[in-house]
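Asks: Next one to model:
(chains A, B and C)
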Amino acid sequence: MSERTIRLPFRQNKLLVQLFLLLFILVLFSFLSPYFFTVTNFMNVFNQMVEVGLIAIPMTMIVISGAMDLSVGSILGFSAVCMGIAFEHGLNIWASVVVALVAGLLCGAVNGYLIARHRMQAIVVTIGMLVMLRGLVYVFNEGRPISGYPDSFYFLGQEYVAGVPFNAIFLALLFLLANFVMKRTRFGTYVYGIGNNEEAVHYSGISVVRTRMILFLLSGLFSATAGVFLVSRLASAEATSGTNIELDVLTATLIGGTHIFGGRGSLSGTFVGLLIIVFLRNGLNLLGVSVLYQAVILGALLLIAVGNKSFKGRSFQ
Amino acid sequence: MKRIANIHEAPIILFTLIVIALFSSLSPDFLQFDNARLILDQNISSFIVAIGMTMVILLGGMDLSVGSVLALTATSVGVFLNHGMHPWLAALLGVCIGVLCGAVNGYFIAKWKIPDIIVTLATMYIFRGIAVGISGGTWMTNFPEGFRYFGQGELFGASFPLLVAIVLIAIFIYVMRFTRSGRKIYAIGGNGSAAKLAGINVARTKFTVYVWTGMLVGIAAVIFASKVGSVQASTAGSSLSFEVMAAVLIGGGSIFGGVGTVAGTMIGVLFMGMIKNGLIISKISPFWVDATTGFLIILAIVINTLQRIRQNKSKEGDLL
Amino acid sequence: MKKVILTVLTGVMALSLAACGNNNGNNGNGGGSQAAPAASGSASAGSSSASRTYFINPKSIGPAYWAAAQKGAEQAAGDLNVKVVYNAPTEADSAKQINMIQDMLTRKVDGIGVSPNDAKAVGPIFKKALGQDVKIVTWDSDAPETDRQYYVAPDTDKTVGELLAKTIGDEIGGKGKVAFMVAGLGSENQIAKSDAAKAYFAANYPDIEVVTTVSSDDDQQKAYANAQNLIKTYPDLNGIIGFAGGEPPAAAEVVEQAVKAGTLKAGQVAITGIAVPSVVKNYIKNGTIKTDIIWDPGKLAYTTVYVLDQLAQGKEITDGMDIPTVGKVIVDGKNVFIGTLQVTKDNVDSFGF
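Replies: Predicted coordinates:
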């Protein structure tokens, strides 16, 4: 396949379109609302986008590798509640955070084991996990929210460092790191390779199973991290946290130019896609536009931003 | 051909039987005629939508918008009825709206060649927004007596919606198995480039399949509205697409296309419906219902995959 | 060149979309429109009251209950000559709700009326709002351990739960099996009401057994299937209490169908619950539901805006205070109660919501 050679210029052009769109949204809302283009508002938005952003990192990698993870929202809720329960039972708050991360890793490991090792269809396995984990959350805490964490814990989600939310800085650093991994390391090349031509990668002596396993483990870990940050931001671990977050994450990834059939895409694109949807939502909120119209606008934007001719090369699969 | 198909669905049939045995031992009420009728009755909409989803998945696509199309159709039918329109006319117009939604999906997918998942994700947002918009945020309810026939009426001593579903299933099983149009769908899903080289008009087939799916969802929506008796645009059918997709895949379909049958999907829908009904009938704690459902879905997939590995060691690339 | 054209096109499309979305909002057609008073132009000359803006935030947008509340909030905006923004996420999700409140605080509203999805999670954002001197009132659902100034409700969850239990207990003659149908197993107001009903049964009707609680997750078809499974699982069921707007109509529909099919004796299962009269009108007229408990969500929202406006003007909230179109309200500490209504066959047509 000659796609690997086309990939670079294609992506840059694509990114330009997304960047223009973002700029356009920023300018538009600055005109429409006097409160939009202010430091406070921007910091607010950065503070709010962290959970979706954290999950979007592994999601982009998984989509590039030609799969999908729909269970992220449930993993988020599951690990958040695990952390809450651990804390309720008298565990130190940071130990509880570790419990949450381990819970997320375990969920990722189950996904990875079934999908990578046993070659099961990612969509179904993760839909099953989505239903099951959400159910387990209710089994564990009977649906009651858990709160009352020590103040030091709220640092993660609520504190500002030099005027910038701490969690946003954390997200930016992770994006940079992940971008480096995807662009400059062999692991990144494998991920693109699997998405483009799995068989070729397999015959080059690279373990497809291991690469996929790592991806789903990452997905579990990042979802759990998002859960921890969400609990810290909201000061409460609820059974419903993270419901439907997978749709936001997928939307950001797709607007960011990652190809749904794998092989193409970039984390920088996803980051811009993320900014587009959060600023769009924030701006429309500030204008008092009903969420119903927001949904329609988001849907139309998705069609416009992603649905141009660039897919022609791979019209069927 | 028939024999291979039977083997293909064998594991899920076996697993369904095991689950039936399990629930029967937990509750004497489960394995009874009127409970079987109840399960069929509760899942009629899913049965009909699943036919369309099977075709879409056979093509290698997926349709995330079915729940929103259902909401939009059901809400419009409610609006028509509340304006005093005749129930049959309202139902017919409802089905037309379903067809229209399907055509929108099909247009973007076939003509503009945008991947299915992106188009249907976008229309999922859009149709839902329109549905709530035309409902004005209120419930569609207080339907006239005549409209109840679609969901609750009887014909030749059997439930009318059930007959509709059976006829539709029969037609589409026939179409998929014995006609050229059905073969085309399998061919495109199996190997798109080869199908194109063989002279099949891929775009037109795709468009047609989405239009048919829209029509099926429209029919399901009319039955849904009539059966439940009220429609809330913001939530109607919100989990439908995932549920039906899971049913298709449990029934032996492959998300990569080309593999699966309508009959297998129907078993998948039945399986999902039975779990939901059985868990409540065997008086399991409400907190455990979802957890158990998810576990059984995963188990069904595991069994399916084992069967496929046993059947052909060669790789299918069913990884998405 | 093609790319450039495409980019420009994309931008123009987005612009027109955003613009029409905005217009819809201003015209008052949308679910979350801005209800600016008709005479806002002239009002700005005389008094400054039109510049007061309140954000009224229900749990979610879509359900009929919240749509009815929106009408009340908009009416209050017109009557009091203030601006009201009525908006919420499409699903009852705490994180999205708080993001939205955060956005509105940026807009420097004068007060927020919130129906929190999670009583604890709104704590930090309320603290922040208080720091900006924004008035905070919770309505319909409370957040007791936060900085909220008042709680506007029909009555306490406990009283409503007990009232529902009493209604069904009287109807079935004090003994038998009762099932609960709730909208969410995790939502605070549902838990509080069903716990109160259970406690009431234990204290006053020891012969009533609560057999199970099923949850619809706010999905109608699920509520409908739940009700079907209930009467199948418990053939000797005597009563169903639906604790949220979607549950009683689903239960009533199923019972009516079962009676028609002959699988259930007419009048065997008594149903009560919280439901908007227009939705259950037919069932009440048929006698499937004898008594339904409700309050006017519009008046609830009206009171919320009124209380916020009083607070913003530095006025006192006093017991027995007479609120226009709502009437006298009971003020108990930090709670404002407007009272509940009982809907029966005789008065079902008299409600405008």
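Asks: Every contact and neighbour count from this point should use C-alpha atoms.
Replies: OK.
Asks: Spatially nearest residue to the residue of the stretch 1-150 of chain B found nearest chain C, not counting backbone neighbours?
Replies: Closest to chain C within the stretch 1-150 of chain B is B:Thr138: 4.3 Å, counting by CA to the nearest CA. Once flanking residues are discounted, B:Thr138 sits nearest to C:Ala64: 4.3 Å by CA to CA, 6 or more residues apart in numbering or on different chains.
Asks: do you know how far the one you found is from C:Lys345?
Replies: 21 Å (CA to CA, to the nearest Å).
Asks: More neighbours: those two, which one.
Replies: C:Ala64 (26 against 17; other CA atoms under 10 Å in any protein chain shown).
Asks: follow-up on the earlier one: report the contact partners of the residue nearest to B:Thr138.
Replies: B:137-139, B:232, C:276 (CA atoms under 8 Å, 6 or more residues apart in numbering or on different chains).
Asks: quick revisit: the residue of the stretch 1-150 of chain B closest to chain C and B:Gln232 touch, don't they?
Replies: Yes - taking CA atoms under 8 Å as the definition, B:Thr138 is a contact partner of B:Gln232 at 7.2 Å.
Asks: still on that earlier bit, make TSV from the contacts of C:Ala64 and add neighbour count and secondary structure to it.
Replies: Conversion of the contacts of C:Ala64 to TSV gives the following (neighbours: other CA atoms under 10 Å in any protein chain shown; DSSP: H, G, I helix; E, B strand; the rest coil):
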residue	neighbour count	secondary structure
B:Gly137	24	coil
B:Thr138	23	coil
B:Trp139	24	coil
B:Gln232	27	coil
C:Val276	27	coil
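Asks: Only the buried residues of the strand or helix carrying B:Ile188, if you could.
Replies: Using DSSP states H and E, B:Ile188 sits within helix B:180-190. For helix B:180-190, a neighbour-count test (16 or more other CA atoms under 10 Å in any protein chain shown) marks B:181-182, B:184-190 as buried.
Asks: Serialize those to TSV and add fields for pLDDT.
Replies: TSV is the format used below for the buried residues of helix B:180-190 (pLDDT from 0 to 100):
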residue	pLDDT
B:Ser181	89
B:Gly182	90
B:Lys184	90
B:Ile185	91
B:Tyr186	92
B:Ala187	90
B:Ile188	90
B:Gly189	86
B:Gly190	83
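Asks: These also near chain C: which ones?
Replies: By CA under 8 Å from any CA of the partner chain, no member of the buried residues of helix B:180-190 lies near chain C.
Asks: anything in stretch B:227-245 sitting right up against chain C?
Replies: Yes - Stretch B:227-245 reaches chain C (CA under 8 Å from any CA) through B:228-229, B:231-238.
Asks: of all those, which two lie farthest apart?
Replies: Greatest spatial distance among these (CA to CA): B:Gly229 and B:Ser238, at 17.2 Å.
Asks: which of those two has more neighbours?
Replies: Just comparing B:Gly229 and B:Ser238: by other CA under 10 Å the higher neighbour count belongs to B:Gly229, 25 against 21.
Asks: I'd guessed that one sits against C:Glu253; true?
Replies: Yes - counting by CA under 8 Å, B:Gly229 touches C:Glu253, with 6.7 Å between them.
Asks: interface residues of the stretch 151-300 of chain C facing chain B?
Replies: C:213-215, C:218-221, C:224-225, C:228-230, C:232-233, C:250, C:253, C:279, C:281-282.
Asks: Please repeat the previous calculation with a cut-off of 7 Å.
Replies: Proximity of the stretch 151-300 of chain C to chain B, by CA under 7 Å from any CA of the partner chain, involves residues C:213-214, C:219-221, C:224-225, C:229, C:233, C:253, C:279, C:282.
Asks: Report the contact partners of the residue nearest the centre of chain B.
Replies: Nearest to the geometric centre of chain B sits B:Ala50, at 2.0 Å (CA atoms, centre = their mean). Residues in contact with B:Ala50 (CA atoms under 7 Å, 6 or more residues apart in numbering or on different chains) are B:244, B:248, B:265.
Asks: and if we set it to 8 Å?
Replies: So B:Ala50 contacts B:244-245, B:247-248, B:265-266, B:269 (CA under 8 Å, 6+ apart).
Asks: Pick out the most distant pair among those residues.
Replies: Among these, B:Met245 and B:Met266 lie farthest apart (CA to CA), at 11.6 Å.
Asks: So these two - more neighbours on which side?
Replies: Each of B:Met245 and B:Met266 has its neighbours counted (other CA under 10 Å); B:Met245 has more, 28 against 23.
Asks: Can you tell me the closest non-neighbouring residue to that one?
Replies: B:Met53 (6.8 Å).
Asks: Done for today, thanks.
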